[in-house]
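*Asks:* I would like to see how this sequence folds:
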Amino acid sequence: MTTAFISSAPGRLCLFGEHQDYLGLPVIAMAMNRRCTLHFSPMPNPSVEVLSAALGPVAEYDLTAPAEISIEHPMGMALRSLLEEFGPYHGQGWRVLVESQVPIRAGCSSSTALLTAWTAAWLQILNGGFDVNDVVQRCHKYEVLDYNGAGGNMDQFACAHGGIHRFGNGRPEALKLPQGVFILGDSGEPKDTQGHLRRCKDARIPLMPFIDAPRPSLGADELELLKGTRINRDLESHWGKAMVSHRAEGLAMGLDLTRHHDVLRDTLGLSTPRIEAMLSNALQAGAWGGKINGSGGGGCAFVLAPKDTVDKVCDAIVKAGAAGAWAVEMDKGVTCQI
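*Replies:* Model prediction:
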């Protein structure tokens, strides 16, 4: 690859299975048409300049010295690893402009979308192409395993594969879209992604041997955590099976999205007053149901709503204090194109 090209990857919604991929349980996720796009332009010197359309200069890397590339960020980890694998590098340099429609640090996989587009682009440059499943594995390593992160691999699957899938039971299983429209709202509230993931994971991993036990000998708090984990596991299992063969009825799914959210809020403590107001306003405006998106404790939430209520629901979410609200559609996975 020696000419200018574009690499992009979508953000994602987690419909069912929130906070359970790291427990080894399946999830249902949908890639959405708010994407992170990288514009690669050639330049003569063998270096990389990364610039953000919103923030200006972000990073600079010397392609001839992989060992000197900072690995403070997964982008550096990915580039160093790929150069060491496929190097030495003797090609041209690249200026990379990052443009993203994915809400940043808000539970929509903005960092994974960036890393997925970045990794696919460098595989295209260094290896002449990429395999989507390989991108998933690499990005999970660069973003989670190499930093001892608490998350699972839902984000990497969703951003690379696109569509709406059930992940975690072997190969991703394509599902049918439900009736209605998904509407995403950004609370604008900062959140501690790794802190929430670590807290919820550490509290529940020891409970997994009891997930199907009829009368586990546990304390009251542990039993409540186990009960919530079972409810959300069973919700995901129901919809994972139902959506294989038919479009889900919007009201039924909406009600179960809210049930899922209730556990995330009441059992895991992952909502905020503003997010509760956003969801409440959306329901009053005609949405069928909804939940937090991602690790929670701030960031985004989404609802499923009838098509004829989209404008009203978006306005209601913003009136509750959201920084923005948008109807989102299912989208394709990672792409590289000239």
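
*Asks:* so what pLDDT did N169 get?
*Replies:* For N169, the model assigns a pLDDT of 67.

*Asks:* Now the strand or helix carrying H196: buried residues?
*Replies:* Secondary structure from DSSP states H and E places H196 in helix 193-204. Buried residues in helix 193-204, defined by neighbour count with 16 or more other C-beta atoms under 10 Å: 193, 196-201, 204. Backbone N, C-alpha and C define where each C-beta goes, glycine included.

*Asks:* For the next helix or strand after that helix, the averaged confidence score.
*Replies:* Downstream of helix 193-204, the next assigned helix or strand under DSSP H and E is helix 220-245. For helix 220-245, mean pLDDT rounds to 95.

*Asks:* how much space is there between the residue positioned nearest the centre of the chain and E99?
*Replies:* The centroid of the chain falls nearest to S109 when counting by C-alpha atoms, centre = their mean (3.2 Å). S109 is 16 Å from E99, where distance means C-beta to C-beta, to the nearest Å.

*Asks:* Then A316?
*Replies:* Taken as C-beta to C-beta, the span from A316 to E99 is 29 Å.

*Asks:* packing partners for the lowest-mean-pLDDT helix or strand in the chain?
*Replies:* Within the chain, confidence by mean pLDDT, DSSP states H and E is lowest for strand 56-62 among all helices and strands, at a mean of 89. Judged by 3 or more C-beta pairs under 8 Å, 6 or more residues apart in numbering; DSSP states H and E, strand 56-62 is in contact with strand 47-52, helix 74-86.

*Asks:* Could you list the alpha-carbon positions for it in PDB?
*Replies:* Extracted C-alpha coordinates of strand 56-62, given in PDB (Å, rounded to 0.1, in the frame of the first residue of the first chain):
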ATOM      1  CA  GLY A  56      -4.700  18.300  16.900                       C
ATOM      2  CA  PRO A  57      -1.400  16.300  17.100                       C
ATOM      3  CA  VAL A  58      -1.800  13.100  19.000                       C
ATOM      4  CA  ALA A  59       1.400  11.000  18.500                       C
ATOM      5  CA  GLU A  60       4.500  10.500  16.300                       C
ATOM      6  CA  TYR A  61       6.300   7.200  15.700                       C
ATOM      7  CA  ASP A  62       9.600   6.300  14.000                       C
END
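
*Asks:* partner strands of that strand, parallel or antiparallel?
*Replies:* Applying DSSP bridges, strand 56-62 is found paired with strand 47-52 (antiparallel).

*Asks:* Give me the buried positions along the strand it pairs with.
*Replies:* In strand 47-52, counting by 16+ other C-beta under 10 Å, buried: 47-52.

*Asks:* can you check stretch 126-137 too?
*Replies:* For stretch 126-137, burial by neighbour count (16+ other C-beta under 10 Å) applies to 126, 130, 135-136.

*Asks:* Between the two ends of stretch 90-104, how far is it?
*Replies:* 34 Å (C-alpha to C-alpha, to the nearest Å).

*Asks:* Name the residues that touch it?
*Replies:* Outside stretch 90-104, the residues that touch it by C-beta atoms under 8 Å, 6 or more residues apart in numbering are 2, 10-11, 34-54, 58, 63, 108-110, 113-114, 125, 184, 186, 299-300, 324.

*Asks:* And stretch 235-251, by the same measure?
*Replies:* Identification of contacts with stretch 235-251 by C-beta under 8 Å, 6+ apart yields 15-17, 20, 25-28, 164, 166, 173, 175-180, 253, 256, 259-260, 288-289, 304-306.

*Asks:* Roughly how far does A301 sit from C159?
*Replies:* 20 Å.

*Asks:* Tell me which of those two has more neighbours.
*Replies:* Using other C-beta atoms under 10 Å as the criterion, A301 and C159 rank with C159 on top: 32 against 29.

*Asks:* That one belongs to a helix, doesn't it?
*Replies:* Yes. Membership of C159 in a helix is supported by DSSP: H, G, I helix; E, B strand; the rest coil.

*Asks:* For it, give me its contacts.
*Replies:* 9-12, 31, 109, 112-113, 116, 139, 333-334.

*Asks:* Who wins on neighbours among these?
*Replies:* Ranked by neighbour count (other C-beta under 10 Å), these have A9 at the top, with 36 neighbours.

*Asks:* Which secondary structure element is home to that one?
*Replies:* strand 5-16.

*Asks:* what packs against that strand?
*Replies:* So strand 5-16, by 3+ C-beta pairs under 8 Å, 6+ apart, packs with strand 27-43, helix 110-127, helix 154-161, helix 220-245, helix 250-266, strand 335-337.

*Asks:* The fourth one: how far from the chain's middle?
*Replies:* With C-alpha atoms, centre = their mean, to the nearest Å as the basis, the distance from the averaged C-alpha position of helix 220-245 to the chain average is 20 Å.

*Asks:* quick one: that helix to helix 193-204, angle?
*Replies:* 110 degrees (axes from the mean of the first three to the mean of the last three C-alpha atoms, to 10 degrees).

*Asks:* Quick check: buried residues in helix 220-245?
*Replies:* 222, 225-226, 228-229, 232-233, 235-237, 239-240, 242-243.
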